[in-house]
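**Student:** sharing a model that was predicted from the sequence below.
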Amino acid sequence: MKISNAAIKKIVKKSNVQISESAANAIARLLEKKARTIAKYAVKRAKKNGRSSVLSEDVDYYRLKFGD
């Protein structure tokens, strides 16, 4: 999975500042790592509950347990 630098730049642009390519890349890498962590937890929780599908409640449970 690759979060695009363009997506990061679009988010930052809303704050009326510019962002370098390397900074956008660094943010994208951090978000990708966090997304992998959340996804792994959600899959584990779905399997624990006897489901083969991850539901939004699995992701929400991660947020409630560990915060943002």
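**Tutor:** Sure thing, it's come through.

**Student:** element containing the residue nearest the centre of the chain, please.
**Tutor:** Compute the mean C-alpha point of the chain, and by Cα atoms, centre = their mean the closest residue is Ala35, 3.3 Å away. Secondary structure assignment for Ala35, by DSSP states H and E: helix 21-48.

**Student:** mind giving me the packing neighbours of the very next helix or strand once past that helix?
**Tutor:** Tracing the chain past helix 21-48, the next element assigned as helix or strand by DSSP H and E is helix 56-66. Judged by 3 or more Cβ pairs under 8 Å, 6 or more residues apart in numbering; DSSP states H and E, helix 56-66 is in contact with helix 21-48. Backbone N, C-alpha and C define where each C-beta goes, glycine included.

**Student:** list the buried residues for the helix it packs on?
**Tutor:** Residues of helix 21-48 classed as buried: Ala24, Ile27, Ala28, Ile38, Tyr41, Ala42, Arg45, Ala46 (neighbour count, 16 or more other Cβ atoms under 10 Å).

**Student:** hmm, the second one is touching Ile8, no?
**Tutor:** Looking back up the chat, that one is Ile27. Yes: shown here, Ile27 and Ile8 form a contact pair, counting by Cβ atoms under 8 Å, at 4.9 Å.
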